[in-house]
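Peer 1: Compute the structure for the input listed below.
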Amino acid sequence: MGGQSSGSSACSEESFVKMPTIKFTKLFINGEFIDSVSGKTFETIDPRTGEVITRVAEGDKEDVDLAVKAARAAFDHGPWPRLPGAERGAIMLKFADMIDEHTEELAKLDTVDAGKLFSFGKAVDIPQVAQTLRYYAGAADKIHGEVLKMSRELQAYTLLEPVGVVGHIIPWNFPSTLLFAKIAPSLAAGCTMVVKPAEQSPLSALYYAHLAKLAGVPDGVLNVITGYGETAGAAITHHMDIDKVSFTGSSEVGREVMQAAAKSNLKEVSLELGGKSPLLIFDDADVDMAADLALLGILFNKGEICVAGSRVFVQEGIYDELVKKLTEKAKDWVVGDPFDPNVRQGPQVDKTQYEKILTYIEHGKRQGATLLTGGKPVGKKGYFIEPTIFTDVKDDMLIATDEIFGPVMSLMKFK
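Peer 2: Model prediction:
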């Protein structure tokens, strides 16, 4: 099945791999899996079919309070920040080894929960997670201050210390990669943390918490609260006993995170927000290679990536030739079940994102852009969208100004 022709077979009944057994669905607080205080749960959905995978504990402010209490006790009185860096590093290395032992199961969870390509997750995403841990494990015993030469008879030095309890809010597009981009350096520094994975993709974070405990990460150091951004996420950003918050997601929510941090205890903030990246292709480019790279730039991870090359500016000398190449290649791009090794693009993460992308496609047509190829759903179930390319795009059109976070390319010509 290829590209737009994949149609009704976007997610076939054929099973390419054995589906994962969902082992962990509760909150992870102070080294234990527990129900939420309210007892509430929410559905996590398989974007290949739109069907429920399982129900997961719905954490709220009360649960965040419990997690922060555990993290604070682990930081103020526990061993983790007091261990020699080499010992923290040794535990992190064991954690990485355990991830390697469970690579396939973890990749399956991100595929069934977020629609990510299983083959890529197994070969790249999950192994890189382990490598990220190993990298920061090597840094754990190399956190040094400086001795300063003074002009008077004084001794002066700087000392680097862990910031304390950190809140990490993880996006759904790279549930494993971005989880470890945050928790690995935090672990190396000796911090304790409360992690909120995206409600669309919570399953792998809970599995990682289980492996962390098995590897020897002390109770209270890593806590995972599954739930919604407006409740659990907001409780983290407003919490008076969290010393720093790290958020990856939309610019709109990033503003709210920064405001909450300022209005509460002026906690430190790290933000990684949206983008609308341009790709410039000049007349002297290899057209075939340029077409391949342009497609990969917008269709990788089904366009759900903050550095997607969504605005493609092409010099007029090769514009027509490139348009022809892109059309041919887009029609051959294979959309379908992300467990199928021949597929290059799986489903969008959920119904909300799917409908948002289709709405932007309609905006593009209504505002006068020309739909070159794609623009329609694929299949009768799930959240699949054809690779979509617009030409005749103007800078003030919504498809050129807004981050769509989907497989939609805007082509623009320059002299």
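
Peer 1: any idea of the pLDDT on the residue minimising distance to the centre of the chain?
Peer 2: Geometric centre of the chain, nearest residue: residue 174, 2.7 Å, by Cα atoms, centre = their mean. If you check residue 174, the pLDDT there is 98.

Peer 1: OK, contacts around it?
Peer 2: Going by Cβ atoms under 8 Å, 6 or more residues apart in numbering, residue 174 touches 125, 301, 305. Heads up, the C-betas are built off the backbone N, CA and C, glycines and all.

Peer 1: Now with 10 Å, please.
Peer 2: Shown in contact with residue 174 (Cβ atoms under 10 Å, 6 or more residues apart in numbering): 110, 114, 116, 125, 129, 180-181, 198, 201, 248, 301, 304-306.

Peer 1: where exactly do the strands run in the stretch 101-250 of the chain?
Peer 2: Assigned by DSSP state E, counting those that start in this stretch, the strands in the stretch 101-250 of the chain fall at 147-148, 156-157, 165-169, 192-196, 222-224, 244-248.

Peer 1: one step back: which one of the contacts of residue 174 sits in the busiest neighbourhood?
Peer 2: In terms of neighbours by other Cβ atoms under 10 Å, the contacts of residue 174 top out with residue 114 at 32 neighbours.

Peer 1: Which residue, other than its chain neighbours, is closest to that one?
Peer 2: Excluding the flanking residues, the one nearest residue 114 by Cβ to Cβ, 6 or more residues apart in numbering is residue 201, at 4.1 Å.

Peer 1: and the one you found, what does it touch?
Peer 2: Residue 201 makes contacts with 44-45, 47, 109-110, 112-116, 170-176, 179, 349-350, as judged by Cβ under 10 Å, 6+ apart.

Peer 1: before we move on, the earlier item: tabulate the strands of the stretch 101-250 of the chain (a markdown table), appending distance to residue 342 and mean pLDDT.
Peer 2: Below are those laid out as a markdown table (distance: least, Cβ to Cβ, whole Å; pLDDT from 0 to 100):
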| stretch | distance to residue 342 | mean pLDDT |
| --- | --- | --- |
| strand 147-148 | 59 | 94 |
| strand 156-157 | 59 | 94 |
| strand 165-169 | 35 | 98 |
| strand 192-196 | 34 | 98 |
| strand 222-224 | 34 | 98 |
| strand 244-248 | 31 | 98 |
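
Peer 1: any chance of these in a markdown table, plus distance to residue 409?
Peer 2: Converted to a markdown table, these look like this (distance: least, Cβ to Cβ, whole Å):
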| stretch | distance to residue 409 |
| --- | --- |
| strand 147-148 | 53 |
| strand 156-157 | 54 |
| strand 165-169 | 29 |
| strand 192-196 | 32 |
| strand 222-224 | 36 |
| strand 244-248 | 23 |
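
Peer 1: Out of those, the one nearest residue 214 is which?
Peer 2: With Cβ to Cβ, the closest approach to residue 214 among the strands of the stretch 101-250 of the chain belongs to strand 222-224: 11.9 Å.

Peer 1: Counting by contacts, list what that closest one packs against.
Peer 2: Secondary-structure packing of strand 222-224 (3 or more Cβ pairs under 10 Å, 6 or more residues apart in numbering; DSSP states H and E): strand 27-29, helix 61-76, strand 165-169, helix 177-189, strand 192-196, helix 203-215.

Peer 1: closest one to residue 143 among these?
Peer 2: Nearest to residue 143, of all the helices and strands packed on strand 222-224, is helix 177-189, at 6.7 Å by Cβ to Cβ.

Peer 1: which secondary structure element contains residue 359?
Peer 2: Secondary structure from DSSP states H and E places residue 359 in helix 351-366.

Peer 1: If you count neighbours, what's buried in stretch 244-252?
Peer 2: Of all the residues in stretch 244-252, those buried under the rule 16 or more other Cβ atoms under 10 Å are 244, 245, 246, 247, 248, 249, 250.

Peer 1: Next: stretch 322-339.
Peer 2: Neighbour counts using 16+ other Cβ under 10 Å place 322, 323, 325, 326, 329, 330, 333, 335, 336, 337, 338, 339 of stretch 322-339 among the buried residues.
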